[in-house]
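[1] let me see the structure of the following:
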Amino acid sequence: MALYRFRVTFEDYDDVMREIDIKSNQNFEDLHRAIHQSTGYNPEFPSSFYISNDQWIKGEEITYLPNQKRIDRGVSLMNKVKLSSFIDDPHQKFYYTFNFDRPYDFHVELMKIILDETPGVVYPTVIKSVGEAPRQIIPGAAPTVIPPTSDDFDFLNELAFSPEDAEDFTEVVDEDEHEEKTLHEGEEDDEFGNEFSDDEGFEDDAKPHDDY
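    Below you'll find the predicted structure:
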């Protein structure tokens, strides 16, 4: 049984590459799953291969978990189409989009046709892996939330203060209160002091003058 050796690369991540050997009579779903065995992604998301030319222009589509629109168009299903059905070129190319909601795009290129499989190897198999695949983003996944330990709002914890910080904070508040109290007392003294200080040297301008 002949084998196909495909080189799989991310369109947007040049430093990540996989090489996969797969039997010619296996189907596109087998290749789909092999790619995500090598990336660590969950393969259970709508995805499609597209027959491509050397410029990576999309042609005929072969899909997995199709939506109704694709079903109505009669798009071929991955598990129904053998790879050999679309290998017309020794360097055949497929454009591959994984997970339409948060897509990753791949270039899949046939590198070699191997006439004999290796005994004891289960195909498809990843024979070369370069670089770490970017983290898979799953739509609708809820972020991890740490529940509060109390219904009361903890001001110090909300601001990420440690107990030591809280002591410092108390000292600052006390100092501010002391300064405000001292200032206030000073203002009271000035208020009464000013009231009587204006009488010093006061001349009764209202006293009638003796014109005589």
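[2] direction included, what does the strand with the most length in the chain pair up with?
    Secondary structure of the chain read by DSSP state E shows that its longest strand is strand 104-114. Paired strands of strand 104-114, with direction, are strand 3-10 (antiparallel), strand 93-98 (antiparallel) (DSSP bridges).
[3] point out the most buried one among those strands.
    The highest mean neighbour count among these, using mean count of other CB atoms under 10 Å, belongs to strand 93-98: a mean of 22. The C-beta positions use only the backbone N, C-alpha and C, and glycine is treated the same way.
[4] and the contacts of that strand?
    Outside of strand 93-98, the residues that reach it under the criterion CB atoms under 8 Å, 6 or more residues apart in numbering are 8, 32, 35-36, 41, 45, 47-54, 56-58, 86, 103-110.
[5] buried subset of the residues you listed?
    Buried residues within the contacts of strand 93-98, counting neighbours by 16 or more other CB atoms under 10 Å: 8, 32, 35-36, 41, 45, 47-52, 86, 104, 106-110.
[6] give me the element residue 129 is part of.
    With elements taken from DSSP states H and E, the one containing residue 129 is strand 125-130.
[7] CA atoms only for that strand - export them in PDB, please.
    Taking Å, rounded to 0.1, in the frame of the first residue of the first chain, the C-alpha atoms of strand 125-130 are listed here in PDB:
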ATOM      1  CA  THR A 125       1.600   8.700  12.000                       C
ATOM      2  CA  VAL A 126       3.400  11.900  12.700                       C
ATOM      3  CA  ILE A 127       7.100  11.400  11.700                       C
ATOM      4  CA  LYS A 128       8.300  15.000  12.300                       C
ATOM      5  CA  SER A 129       7.200  17.800  14.600                       C
ATOM      6  CA  VAL A 130       8.800  21.200  14.800                       C
END
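[8] quick one: the strands in the chain?
    Secondary structure of the chain by DSSP E: the strands cover 3-10, 17-23, 47-52, 58-64, 76-77, 93-98, 104-114, 125-130.
[9] list the contacts of the fourth one.
    Translated: strand 58-64. Applying CB under 8 Å, 6+ apart, the external contacts of strand 58-64 come out as 28-29, 32, 46-53, 70, 75-79, 81, 86, 95.
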